[in-house]
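Colleague: Got a sequence here, can you build the structure:
(one chain, ligands or ions: 1)
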Amino acid sequence: GRSCLIFGFTVTVGMFTAVYVFHSNRTLLSVPKYTTPNPEPAPIQREKVPVRIDSYSTSLRYPQPQSLKSPRSDVMTVTPWLAPVVWDGTFDSSIIDSLYQPQNLTIGTTVFAIGKYTRFIKGFLATAEKHFLVGYKVNYYIFTDKPDEVPSVALGMQRNLSVITVSKFFRWQEISMRRMERILNTIEERLLKEVDYLYCLDVDMLFHNHWGAEVLSTLVAAIHPGYYKNPREVFPYECRPASQAYVPLDQGDFYYAGAMIGGLIENVRALTRTCHQAILIDKQNDIEAAWQEESHLNKYFLQHKPTKLLSPEYLWDDTKPKPPEIHFIRFSTMLKNYAEVRENV
Ligand code: UD2
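Modeller: Alright, predicted model coming up:
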């Protein structure tokens with residue numbers, strides 16, 4: 001009788017423990033659901049015209065632009081839809097600053113550092129303070145699951161940092177792709193009120209040279225350093241028609257990098273909204289684009305042409321030697337051991 005009682009007790013305790021462990025694991029493993037974007041249509045804003053007729057400064061002296069002379073003959077400096085492609089030699093920073101500085105702009109920068117990527121924050125911020133929009137009001141928004149690991153980096157005047165705590169996803173693909181949703185939600189919650197322009201950047205990068213107000217425009221894309229010499233047939237666009245990111249083989253302008261999205265806040269809002277919606281539809285159809293949000297971004301830029309393109313000077317890849325057309329590497333990926341930093345490989 002006693003051993004029966006002990007046996008019964010052990011079985012009951014075992015069952016309760018199993019149910020508890022099952023439920024706590026479910027909670028641990030539960031991944032936040034995708035949110036559907038706000039149905040309100042996002043109006044597209046045009047850039048404020050940077051002209052100051054009343055306060056035109058006659059003290060600014062610079063070489064006369066030459067109608068019959070192109071500043072660069074080795075690279076494309078304007079697209080067929082008349083968007084400038086920013087290369088060294090195509091702009092004069094003193095003129096650009098004389099147009100943008102009086103506008104008293106605030107430029108937001110979103111950076112995600114989830115899981116082991118917190119190790120990249122320090123280098124990113126320290127080098128951004130030396131080269132990224134120096135002389136402008138900059139708000140950094142660091143999205144992380146480990147707020148305690150955000151290092152303190154001395155920031156210049158009029159430069160602020162906000163830490164936004166987010167949960168972690170278990171696949172690196174999801175971490176990267178869900179940036180669209182999280183940026184969109186943050187734009188709608190606060191950034192519309194806090195910034196004029198928004199630049200969304202990868203964190204595993206370092207600034208090496210000037211990355212200034214010449215990047216400002218209504219909608220800005222960066223040409224991917226790996227594909228700027230290639231024909232469109234080899235661009236790694238999503239090639240399955242079932243995906244919302246599908247681009248047919250005979251279409252495409254450039255292959256743009258997922259590591260940089262920029263523009264006026266309303267335009268970045270519209271971009272993240274459309275890409276997030278497309279990602280949601282793909283999710284429902286059980287398909288993930290070849291290069292996650294970068295594929296959706298490329299589809300978006302094909303349909304909504306950027307008003308300014310950043311040459312690969314503005315987004316380089318450290319594994320590549322510097323070719324002669326790149327005079328300065330301004331911002332570049334850090335070498336990383338994918339197997340070591342990613343959650344899943
Ligand atoms: C490319 C793109 C990247 C993105 C990705 C999509 C470039 C230079 N890079 O980079 O922008 O489109 O392809 O597949 O264009 N992250 C974390 N924690 C993680 C994983 C990622 O915080 O565990 C964040 C972090 O900000 C990182 C970004 O997501 O910089 C992109 O991830 P990645 O750098 O590992 O992607 P990668 O190198 O394949």
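Colleague: contacts and neighbour counts: CA atoms only from here.
Modeller: Will do.
Colleague: next one: phi and psi at residue 141?
Modeller: phi -120, psi 110 (degrees, to the nearest 10).
Colleague: Now do residue 163 against residue 154, distance only.
Modeller: Relative to residue 154, residue 163 is positioned 15 Å away (CA to CA, to the nearest Å).
Colleague: Apologies, that question was intended for residue 208.
Modeller: Separation of residue 208 from residue 154 (CA to CA) stands at 18 Å.
Colleague: follow-up on the earlier one: so between residue 163 and residue 154, which is more surrounded?
Modeller: residue 163 (16 against 10; other CA atoms under 10 Å).
Colleague: For that one, what are phi and psi?
Modeller: phi -100, psi 130.
Colleague: contacting residues for the closest residue to it other than its chain neighbours?
Modeller: Nearest residue to residue 163, sequence neighbours excluded (CA to CA, 6 or more residues apart in numbering): residue 142, at 4.8 Å. Counting by CA atoms under 8 Å, 6 or more residues apart in numbering, residue 142 touches 110, 111, 112, 113, 161, 162, 163, 164.
Colleague: quick one: which of those residues is nearest residue 119?
Modeller: Among the contacts of residue 142, residue 113 lies closest to residue 119 (CA to CA), at 8.1 Å.
Colleague: my read: the closest one touches residue 203, true?
Modeller: Yes - at 6.5 Å, residue 113 counts as touching residue 203 under the criterion of CA atoms under 8 Å.
Colleague: list residues touching both of those two?
Modeller: Contact criterion CA under 8 Å, 6+ apart; residues shared by residue 113 and residue 203: 120, 121.
Colleague: Average pLDDT for the helix or strand containing residue 140, rounded please.
Modeller: Per DSSP states H and E: residue 140 is located in strand 137-144. Summarised as a single mean, pLDDT over strand 137-144 is 98.
Colleague: That one close to the ligand?
Modeller: No - for strand 137-144, no contact with the ligand is found by CA under 6 Å from any ligand atom; the gap never falls below 7.3 Å.
Colleague: Pull the distance from that strand to the chain's centre.
Modeller: 12 Å (CA atoms, centre = their mean, to the nearest Å).
Colleague: next one: stretch 119-129
Modeller: 15 Å.
Colleague: what's next to that stretch, contact-wise?
Modeller: Taking CA under 8 Å, 6+ apart as the rule, stretch 119-129 contacts 113, 150-156, 203-208.
Colleague: if you set the cut-off to 6 Å instead, what comes out?
Modeller: 204, 205, 206, 207 (CA atoms under 6 Å, 6 or more residues apart in numbering).
Colleague: Quick check: which element contains the third one?
Modeller: In other words, residue 206. Per DSSP H and E: strand 205-207 holds residue 206.
Colleague: hmm, that strand in reach of the ligand?
Modeller: No - counting by CA under 6 Å from any ligand atom, the ligand has no neighbours in strand 205-207; the shortest distance is 7.4 Å.
Colleague: does the helix or strand following that strand come close to the ligand?
Modeller: As assigned by DSSP H and E, the chain's next helix or strand after strand 205-207 is strand 219-223. No - Strand 219-223 stays clear of the ligand (CA under 6 Å from any ligand atom), getting no nearer than 8.7 Å.
Colleague: tell me how far strand 219-223 is from the chain's mean position?
Modeller: Worked out by CA atoms, centre = their mean, strand 219-223 lies 10 Å from the chain centre.
Colleague: can you map out the strands along the stretch 1-150 of the chain?
Modeller: For the stretch 1-150 of the chain, applying DSSP state E, counting those that start in this stretch gives strands covering 85-86, 106-113, 137-144.
Colleague: Near the ligand, which residues of the stretch 151-300 of the chain are found?
Modeller: Contact residues, the stretch 151-300 of the chain versus the ligand (CA under 6 Å from any ligand atom): 172-173, 175-176, 202-204, 257-259, 291-294.
Colleague: now the residue lying closest to residue 274 once chain neighbours are set aside: how far from residue 77?
Modeller: Distances taken as CA to CA, 6+ apart put residue 300 closest to residue 274, at 7.7 Å, once the chain neighbours are dropped. Look at residue 300 and residue 77: by CA to CA, they are 22 Å apart.
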